[in-house]
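>>> coordinates only, sequence not included:
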Ligand SMILES: C[S@@+](CC[C@H](N)C(=O)[O-])C[C@H]1O[C@@H](n2cnc3c(N)ncnc32)[C@H](O)[C@@H]1O
């Protein structure tokens, strides 16, 4: 996958893309990052990328020309036909695991990171394919959002996580939150690991995990349960949890 980032602050990406899984993903050829300062595409003498808003008001607005030309350049260099051109924006579609899974199937993503008051509306109307928000709050710029979305996508690419199955059991991938985890020691300062996990009985362990995963979702994110079809066993567990709550 090719991931291009258009930003005024390319250095911000060095730490995040140069560490851990996101770095390993480049080493094993799963992804190639290209972080570009779109100021380089400004066609005016001072390489200005922003200007005052028509109609007045506070804050500066990103001009269309540098961003249109930067995207055209990235598209002309690409080996893919139709990159997803993603505007990072608090007004966009809220990012989630489903969208990460959808983006992970693409060959080429271009992220546009805004700053200041926002973008000239013609960028939104005529250049992009998607607008993504990472939550209902306003950040200073789109860089942190682009990093968040990139991380959530890259870890899903084939060969990136050591254990191919591990992301399939992650919270949200299965529609529910993941079950609790424990590691050694079996007893820590009087706090014990549930007996079933030490039993070696994998059928019982799987069942415990499925139940605790459902319990956690029931307790913390009951809204997720509205979107999944519960089995008879899961319905029985929900009845148990409801009784326990009374
Ligand atoms: C200060 S914000 C502009 C907010 C804009 N005036 C508004 O009210 O919608 C500057 C830039 O940060 C980025 N940004 C801010 N909050 C974001 C969020 N929740 N998700 C994604 N990007 C965000 C966007 O790129 C945005 O253009």
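Good, I have the coordinates. Everything numeric in this text was worked out from a predicted model, so none of it was measured.
>>> Give me the residue ranges of this protein where confidence is low.
Applying pLDDT under 70 to the chain flags the ranges 164-165.
>>> The strand ranked longest in it and the ligand in contact?
For the chain, the strand with the greatest residue count under DSSP state E is strand 84-94. Yes. Legend: contact between strand 84-94 and the ligand by Cβ under 6 Å from any ligand atom is shown at 88-91. From N, CA and C alone the C-beta is placed, and that goes for glycine too.
>>> Now rank those by neighbours and give me the top one.
In terms of neighbour count, residue 88 stands highest of the residues of strand 84-94 next to the ligand at 29 neighbours, by other Cβ atoms under 10 Å.
>>> Which secondary structure state does residue 152 sit in?
Three-state call for residue 152 (DSSP: H, G, I helix; E, B strand; the rest coil): helix.
>>> tally of neighbours for it?
Neighbourhood size, residue 152 [other Cβ under 10 Å]: 20.
>>> That one - nearest residue in space that isn't next to it in sequence?
Closest residue to residue 152 apart from its sequence neighbours, by Cβ to Cβ, 6 or more residues apart in numbering: residue 100 at 4.0 Å.
>>> Equivalent analysis for residue 36, please.
Sequence neighbours aside, residue 6 is the residue nearest to residue 36 in space, at 5.6 Å (criterion: Cβ to Cβ, 6+ apart).
>>> now residue 86, which residues is it bridged with?
Listed by DSSP bridges, the beta-bridge partners for residue 86 are residue 111, residue 130.
>>> Identify the residues contacting it.
109-112, 128-132, 146, 149 (Cβ atoms under 8 Å, 6 or more residues apart in numbering).
>>> 10 Å - rerun?
Contacts for residue 86 (Cβ atoms under 10 Å, 6 or more residues apart in numbering) come out as 5-6, 92-93, 103, 109-113, 128-132, 142, 145-146, 149.
>>> buried subset of these?
By neighbour count, with 16 or more other Cβ atoms under 10 Å, the contacts of residue 86 hold 5-6, 92, 103, 109-113, 128, 130-132, 142, 145-146, 149 as buried.
>>> ok, which stretches of this structure are strands?
Ranges of strands in the chain, per DSSP E, are 2-7, 32-37, 50-51, 61-62, 84-94, 108-112, 118-119, 130-133, 187-188, 191-192.
>>> Count the neighbours of the residue nearest to residue 152 for me.
With other Cβ under 10 Å as criterion, residue 100 counts 21.
>>> so it sits right up against residue 172, yeah?
Yes. The criterion here is Cβ atoms under 10 Å, and residue 100 meets it with residue 172 at 8.8 Å.
>>> Pull the contacting residues for the residue sitting nearest the centre point of the chain.
Closest residue to the average C-alpha location of the chain: residue 149 at 2.9 Å, with Cα atoms, centre = their mean. By Cβ under 10 Å, 6+ apart, the residues touching residue 149 are 3, 86, 88, 95, 99-100, 103, 109, 111, 130, 132-134, 142.
>>> Farthest pair within these?
Using Cβ to Cβ, the two most remote members of the contacts of residue 149 are 3 and 133, lying 18.6 Å apart.
>>> The two - which one has more neighbours?
Between residue 3 and residue 133, residue 3 has the larger neighbour count (other Cβ under 10 Å), namely 25 against 20.
>>> Please name the residues that touch the more buried one.
Each residue near residue 3 by Cβ under 10 Å, 6+ apart is listed here: 17, 22, 25-26, 31-35, 83, 103, 106, 108-111, 146, 149-150, 153-154.
>>> mind pulling up the phi and psi values for the spatially most distant residue from the centre of the chain?
Distance from the C-alpha centroid of the chain, by Cα atoms, centre = their mean, peaks at residue 190 (38.0 Å). Backbone torsions of residue 190, given as degrees, to the nearest 10, read phi 80, psi -10.
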